[in-house]
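Colleague: here you go, sequence then predicted model.
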Amino acid sequence: MAELSVEIVTPRAVAWSGSASDVRAPGLLGEFGVYPKHIPYLTVLVPGVVRVRSNGVVKAFAVGEGFAEAGPDRIVLLCDSCEALDSVDRAAAERELADAKDALRSSAHGSLAHTQATKKAALARAKLAKG
């Protein structure tokens, strides 16, 4: 069976690299999937969960915003943050979500502070998602 080459890259390092049978990621217009022989595709990533199926095992990562570029044999996700869900400090993520909700309540809808808090809340929710 054909495989995809997968790279999840942050400004600090390659967070994960390997081969996969499929990848699901959070795009601007909703979740999208990439399989081998995919048509060329470029999209914006939003904070959420990326799931990589490798050797029949699904690896899940909480990612921040960024971009994804896919083609017939590879996908590269460039994101501002990436954390494997199985290594998330859940207590810290719950505090991040509570802080983001406080910031949402205290900021005007449409303001920069509200937009930033919305992104922080989405990333915290992704960290608390089930793998």
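Modeller: On my side now, so go ahead. Numbering: from 1, shown residues only.
Colleague: nearest residue to the middle of this protein?
Modeller: residue 63 (3.0 Å; CA atoms, centre = their mean).
Colleague: quick check, it in contact with residue 51.
Modeller: No. In this structure residue 63 lies outside contact range of residue 51 using CB atoms under 8 Å: 10.7 Å. C-betas here are computed from N, CA, C, even on glycine.
Colleague: which neighbours do those two share?
Modeller: residue 25 (CB atoms under 8 Å, 6 or more residues apart in numbering).
Colleague: contact partners of stretch 106-125?
Modeller: By CB under 8 Å, 6+ apart, stretch 106-125 touches 46-48, 62, 64-65, 81, 93-94, 96-97, 99-101, 103-104.
Colleague: what's the helix or strand encompassing residue 18 in contact with?
Modeller: Here residue 18, judged by DSSP states H and E, is contained in strand 14-20. Contact with strand 14-20 is made by 3-9, 52-54, 59, 61, 82-84, as judged by CB under 8 Å, 6+ apart.
Colleague: pull the most distant pair out of those.
Modeller: 3 and 83 (24.2 Å; CB to CB).
Colleague: neighbour count winner among the two?
Modeller: Using other CB atoms under 10 Å as the criterion, residue 3 and residue 83 rank with residue 83 on top: 19 against 15.
Colleague: beta partners for that one?
Modeller: residue 62 (DSSP bridges).
Colleague: ok, now which ones touch it?
Modeller: So residue 83 contacts 15, 61-62, 127 (CB under 8 Å, 6+ apart).
Colleague: can you select the buried ones from the contacts of stretch 106-125 in ChimeraX?
Modeller: Those of the contacts of stretch 106-125 that count as buried under 16 or more other CB atoms under 10 Å are selected in ChimeraX with:
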select :46,47,48,62,64,65,81,93,96,97,100,103,104
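Colleague: I'm done for today, thanks for sticking with me.
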